[in-house]
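**Student:** can you look at this prediction? I've put the sequence above it.
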Amino acid sequence: MPMYEYRCEGCERVIEVRQKFSDAPLTTCESCGAPLKKLISQVGFALKGGGWYQQGYSEASSPTSACPGAGSSGCAGCPKAANE
């Protein structure tokens with residue numbers, strides 16, 4: 001379950017709450033009864049292992065392209081056509 005942060009508009013207290021996606025957001029501060037505002041929080045994650053980068057974006061693999069490249073007038077604004 002994700003963690004959500006709320007800040008009380010009355011006492012400025014910040015709380016963290018573990019809630020399901022289906023749970024309704026909190027609306028009232030338990031301490032003073034003022035309205036709560038949901039905060040946008042930063043999250044951290046790490047991509048470990050071979051994973052998506054090596055499989056999808058490594059230099060060794062050549063991308064398949066639908067662009068016809070040089071000598072074609074089909075791709076308006078194509079950087080490949082503009083360079084040649």
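**Tutor:** Yep, it's here. Since the structure is predicted, the reported quantities are computational estimates derived from the model, not experimental observations. Residues are numbered from 1 along each chain as shown.
**Student:** show me what contacts the closest residue to residue 14 other than its chain neighbours?
**Tutor:** Setting aside the residues directly before and after it, residue 14 is nearest to residue 7 in space (CB to CB, 6 or more residues apart in numbering), at 5.0 Å. Bear in mind the C-beta positions are built from the backbone N, C-alpha and C, glycine included. Residues near residue 7 by CB atoms under 8 Å, 6 or more residues apart in numbering: 13, 14, 36, 37, 39.
**Student:** quick one, helices of this protein?
**Tutor:** With DSSP state H as the criterion, the chain has helices at 51-57, 79-83.
**Student:** what is the nearest of the contacts of residue 7 to residue 27?
**Tutor:** Nearest to residue 27 among the contacts of residue 7, counting by CB to CB, is residue 36 at 5.9 Å.
**Student:** without its sequence neighbours, what residue ends up closest to the closest one?
**Tutor:** Of all residues not flanking residue 36 in the chain, residue 6 sits nearest, at 4.2 Å (CB to CB, 6+ apart).
**Student:** and that neighbour, what pLDDT?
**Tutor:** Confidence at residue 6, expressed as pLDDT, is 97.
**Student:** these two touch, right, it and residue 12?
**Tutor:** No: look at residue 6 against residue 12 with CB atoms under 8 Å: they stay out of range, at 11.4 Å.
**Student:** the more surrounded of those two?
**Tutor:** Taking other CB atoms under 10 Å, residue 6 and residue 12 do not tie; residue 6 has more neighbours (20 against 10).
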